[in-house]
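# Curious how this folds, go ahead:
(one chain, ligands or ions: 1)
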Amino acid sequence: MIKLDNISHHIGKQQILHDISLSLPSAQVIALIGPNGAGKSTLFSVMARLQPLQSGKVMFGEHDIVSCPARTLAKTVAMLGQDNQVQGRLRVHELLMFGRYPYHQGQPSAEDEQKVQEMIERFELEPLAERFLSTLSGGQRQRVLIAMIVCQDTPYLLLDEPLNNLDMYHAGRLMRELRELSCSQQKTVVIVLHDINQAAQFADTVVMMKTGQVMAVGQPVDVITKDTIKDLYNVDVTVLNHQGRPVIVDTLL
Ligand SMILES: Nc1ncnc2c1ncn2[C@@H]1O[C@H](COP(=O)(O)OP(=O)(O)OP(=O)(O)O)[C@@H](O)[C@H]1O
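Numbers count the residues shown, from 1 in each chain. Below is the predicted model of the structure:
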């Protein structure tokens, strides 16, 4: 379980996060949705200890992020940020091996090699494995970065807009892989999505954020409604139902 207690965060004089408390169940895909500037990325960076925790408490299972040693945290939670500049002349399989760093500390073992190979297959990266990152398209680079994060083999994954640049096939494949990882390996995947229908179709739980606050938490069918979408985005939608899950359609005026 991920437990957030009373998280508040300021940047300068501006309060970005307002007293966020959440309990997120393990072994689920959890979609974090909300308008631009809602505080989703800030919350992720506080949770992953990329920004100091100013107030409140963050627990990943039994690990309190404040007292957790860096190497333990790196084996507990992996995060894909929005701004992923990968520098250097690296091949795809070499980048994936970086994801194993908390385990091998610079000296990869046969198990690390095996994990990298497993991710190459899982994410259909065979044709790209020997390519230099600088030669990849935006979507290909995004897929490789996600594979590197999953290579870290942590029980908790925080993915900030991982569907950016992905085409329909790869977006669907990724969401299915994440569901599979949550079911078969009990991974807890928190994923920022702007496509509400992806959240509706693939998430077990949806967390709605606006102006640094949590507005609603629940199953897609319970929280993705005409009223919550209007409240969150000021957009009028029609909500349909497909096999028990909501599908939203922008209402034509
Ligand atoms: N370094 C910074 N200095 C000042 N304000 C910042 C800084 N970083 C973020 N903010 C502000 O904090 C608020 C939350 O930003 P954040 O990036 O967390 O939102 P978000 O929900 O991830 O948005 P998006 O969907 O656009 O990625 C925004 O108003 C943003 O302008």
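
# Give me the distance between the nearest residue to L96 once chain neighbours are set aside and C151.
Once flanking residues are discounted, L96 sits nearest to V116: 4.5 Å by CB to CB, 6 or more residues apart in numbering. C-beta here means a position set from N, CA and C on the backbone, and glycine is covered the same way. Distance, V116 to C151, by CB to CB, to the nearest Å: 6 Å.

# Mutual contacts of these two, please.
The contact sets of V116 and C151 overlap at 96-97, 99-100 (CB atoms under 8 Å, 6 or more residues apart in numbering).

# Contact partners for the closest residue to the ligand within the stretch 51-200 of the chain?
Scanning the stretch 51-200 of the chain for proximity to the ligand using CB to the nearest ligand atom identifies Q82 as nearest, at 6.1 Å. For Q82, the contact set (CB under 8 Å, 6+ apart) comprises 41, 160-161, 164.

# Also E126?
I120.

# rerun at 10 Å
92, 117, 120 (CB atoms under 10 Å, 6 or more residues apart in numbering).

# CA atoms only: put whatever helix or strand the second one lives in into PDB for me.
I take that to be Q117. According to DSSP states H and E, Q117 maps onto helix 110-122. Taking Å, rounded to 0.1, in the frame of the first residue of the first chain, the C-alpha atoms of helix 110-122 are listed here in PDB:
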ATOM      1  CA  ALA A 110      23.900 -12.900 -15.300                       C
ATOM      2  CA  GLU A 111      20.600 -12.200 -13.500                       C
ATOM      3  CA  ASP A 112      20.800  -8.500 -14.600                       C
ATOM      4  CA  GLU A 113      21.500  -9.500 -18.200                       C
ATOM      5  CA  GLN A 114      18.500 -11.800 -18.000                       C
ATOM      6  CA  LYS A 115      16.200  -9.100 -16.700                       C
ATOM      7  CA  VAL A 116      17.300  -6.700 -19.500                       C
ATOM      8  CA  GLN A 117      16.600  -9.400 -22.000                       C
ATOM      9  CA  GLU A 118      13.200 -10.100 -20.500                       C
ATOM     10  CA  MET A 119      12.300  -6.400 -20.800                       C
ATOM     11  CA  ILE A 120      13.500  -6.200 -24.400                       C
ATOM     12  CA  GLU A 121      11.100  -9.000 -25.100                       C
ATOM     13  CA  ARG A 122       8.200  -7.700 -22.900                       C
END
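
# Dump the contacts of E126 to CSV, plus neighbour count and distance to the ligand.
Shown next, in CSV, are the contacts of E126 (neighbours: other CB atoms under 10 Å; distance: CB to the nearest ligand atom, whole Å):
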residue, neighbour count, distance to the ligand
V92, 26, 26
Q117, 14, 33
I120, 20, 29
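
# I'd like to know how many residues surround G56.
16 (other CB atoms under 10 Å).

# now, among the contacts of E126, which is nearest to A70?
Of all the contacts of E126, V92 has the smallest distance to A70: 26.2 Å, by CB to CB.

# Backbone dihedrals for the closest one, please?
phi -60, psi -50 (degrees, to the nearest 10).

# from what I can see it touches Q117, true?
No. Counting by CB atoms under 10 Å, V92 sits too far from Q117 to count as a contact (12.0 Å).

# anything in contact with each of these two?
What both V92 and Q117 touch, as defined by CB under 10 Å, 6+ apart, is the set 126, 129.

# hey, which helix or strand in the protein has the poorest pLDDT?
Lowest on mean pLDDT, DSSP states H and E among the helices and strands of the chain sits helix 101-104, with a mean of 90.

# elements contacting it?
On a contact count with 3 or more CB pairs under 10 Å, 6 or more residues apart in numbering; DSSP states H and E, helix 101-104 meets helix 70-74, helix 110-122.

# Perfect, that will be all.
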